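need a 3D model of the sequence below.
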Amino acid sequence: MGHAMIFLGLFYLMSMLIIPAYLNSQKISFVPTDLQFMEVAYSYLTILSIVGLGFIARKRGIPI
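Here you go, the predicted structure:
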């Protein structure tokens, strides 16, 4: 199973190099210009709270 995942992962990595050449996506801006700090902060806070709850649950012996 691990070898298959590595094989598929190599296709994923190669696609990031090959696909932009065919789609001519060098002109696309991937960074939004109106990035709001609070939106990013809420997103990170949500992710950290989920990870923190999982950590606390594991420490208390609660199966997830």
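
what residue ranges in the protein score low on pLDDT?
Judged against pLDDT under 70, the low-scoring parts of the chain cover residues 20-33.

can you show me the helices along it?
Taking DSSP state H as the test, the helices found in the chain are 2-23, 37-59.

ok now the last one, how far from the chain's centre?
It stands for helix 37-59. Chain-centre distance of helix 37-59: 14 Å, with CA atoms, centre = their mean, to the nearest Å.

begin at 658 from now on, thanks
That works, and once the first residue is 658, the last one we named lands at helix 694-716.

list of residues touching it?
In this structure, residues lying in contact with helix 694-716 by CB atoms under 8 Å, 6 or more residues apart in numbering are Ile721. In short, each C-beta sits where N, CA and C put it, glycine included.

any idea which residue sits dead centre in this protein?
Ile704 (11.4 Å; CA atoms, centre = their mean).

do you know how far it is from Met695?
15 Å (CB to CB, to the nearest Å).

and Leu705, by the same measure?
Between Leu705 and Met695 the distance is 15 Å, computed by CB to CB.

so the two - more neighbours on which side?
A side-by-side neighbour count of Leu705 and Met695, using other CB atoms under 10 Å, places Leu705 first with 10 against 7.

any idea how far Phe664 is from the more buried one?
Taking CB to CB as the measure, Leu705 falls 33 Å from Phe664.

and Gln693, its phi and psi?
Recorded main-chain torsions at Gln693 are phi -90, psi 130, according to degrees, to the nearest 10.
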